[in-house]
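Asker: Kindly generate the corresponding structure for this input.
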Amino acid sequence: EGPRVLICGPSDSGKSSFAKILTSYAARQGSQCIFVDLDPSQGLPIPGAISAIPIVRPASITEGYDPVTPLSYYFGHLSPSKNTELYVAQVQELAKVVDQRLEQSAEMKKGGVVVNTCGWIDGEGFEILKTIVTTMKIDVVLVMDNDRLFAQMKSEFGSKLQVVKIPKSGGVVAREEKTRSKLRDTKIRHYFYGVRNDLCPQSKSVKFADVVIYKIGGGPQAPLSALPIGAQSTHNPLRLSPTLPNSTMCHSILAISHAQTAEDVLKTNVAGFIWIRESGVHTQQKKIDLLCPCSDPLPGKYFILGSLKYME
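Answerer: Numbers count the residues shown, from 1 in each chain. Sure, this is the predicted structure:
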């Protein structure tokens, strides 16, 4: 069985680029592996998603990974801090699928798994990293250019698995938030229109009655000190909240779940993503104007709404 490698470190330390180097090197050696991207700030298909994809050939310099549709769960936000319980639950579901895939393919099992993580490494972020190591059954941790994180990982897992510090490449530069935002918008545009502008997304109108839009979680949780004495918080970070279409959803990116029932939305991967156009919610006509990546009928009626917006 091949190694299960986790790459961790602060933002702008070169984690994603190093993951591409590892997976491409494996492909050039004739191996097949699985790449798991747990950084929702970039996402494989689109920002806000966590995904897994089989790697059978090196990543393209211009287009990235082979344009095979990855298996994705839509977290809906750019940082796990927005809903840590949901994020961990989706990582656990993704890990189950990865395990199943490895059991089905001897080649993939031999090639192993490469896991990329986000730049949240302090406090609760470190606790989530520990959970990922356990959930993904990691046996090699690569720490990118951070002495403190390396020491923490060494202290926590040093006797159980291999922890290696990787120096930051000289070509890695810190990016401003404006640059990050522009890169996210570019990734969303590429999803719908293609890297070479060679795809033809389709406009559709759907009736309110034909879809169910869910938000996941009940918003930020109040501290116990802010509650009346003896009261318990009713906050449920995994609660599905049906949401009526309204004008605040314009410009939003939504995921279409493969789930056949509402009870399965949380544990089911998504079929794809749609975008609600500007002024795309018509409350009087009770319809929504969408941009879809293809002309096929929508693959499901359950839509997942997060906080991700896109201005075309």
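Asker: check which helix or strand covers K96.
Answerer: helix 84-104 (DSSP states H and E).
Asker: buried sites along the very next helix or strand once past that helix?
Answerer: For helix 84-104, the following helix or strand on the C-terminal side (DSSP H and E) is helix 106-111. Neighbour-count burial for helix 106-111, counted by 16 or more other Cβ atoms under 10 Å, picks out 108-109, 111. All C-beta atoms are positioned from the backbone trio N, CA, C, and that covers glycine.
Asker: Next, the contact list for the residue most central in space within the chain, please.
Answerer: What sits nearest the mean C-alpha location of the chain, by Cα atoms, centre = their mean, is I50, with 2.0 Å. If you count contacts by Cβ atoms under 8 Å, 6 or more residues apart in numbering, I50 has them with 36-40, 43, 72-73, 75, 87, 90-91, 94.
Asker: Please repeat the previous calculation with a cut-off of 7 Å.
Answerer: Residues near I50 by Cβ atoms under 7 Å, 6 or more residues apart in numbering: 37-38, 40, 72-73, 75, 90-91, 94.
Asker: now I34, nearest residue through space, not along the chain?
Answerer: Using Cβ to Cβ, 6 or more residues apart in numbering and skipping the chain neighbours, the partner closest in space to I34 is V113 (4.8 Å).
Asker: and that neighbour, what pLDDT?
Answerer: According to the prediction, V113 has pLDDT 98.
Asker: Show me the beta-bridge partners of it.
Answerer: R4, I34 (DSSP bridges).
Asker: neighbours around it, how many?
Answerer: 28 (other Cβ atoms under 10 Å).
Asker: Against L44, how distant is it?
Answerer: Distance of V113 to L44, given as Cβ to Cβ, to the nearest Å: 14 Å.
Asker: circling back: which strand residues bridge the residue nearest to the centre of the chain?
Answerer: On the basis of DSSP bridges, I50 is bridged to Y73.
Asker: Show me what counts as buried in the helix or strand hosting I21.
Answerer: According to DSSP H and E, I21 maps onto helix 15-28. Along helix 15-28, these residues count as buried under the neighbour rule (16+ other Cβ under 10 Å): 15, 17-20, 22-24, 26-27.
Asker: by contact count, what packs against it?
Answerer: Helix 15-28 makes packing contacts with strand 4-8, strand 33-37, strand 49-55, strand 113-116 when contacts are defined by 3 or more Cβ pairs under 7 Å, 6 or more residues apart in numbering; DSSP states H and E.
Asker: Can you give me every residue that contacts G111?
Answerer: 2, 26, 31-33.
Asker: one step back: output the contacts of I50 in JSON lines; the columns should cover neighbour count.
Answerer: Output for the contacts of I50, formatted as JSON lines (neighbours: other Cβ atoms under 10 Å):
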{"residue": "D37", "neighbour count": "26"}
{"residue": "L38", "neighbour count": "26"}
{"residue": "P40", "neighbour count": "26"}
{"residue": "S72", "neighbour count": "25"}
{"residue": "Y73", "neighbour count": "27"}
{"residue": "F75", "neighbour count": "28"}
{"residue": "Q90", "neighbour count": "25"}
{"residue": "V91", "neighbour count": "22"}
{"residue": "L94", "neighbour count": "23"}
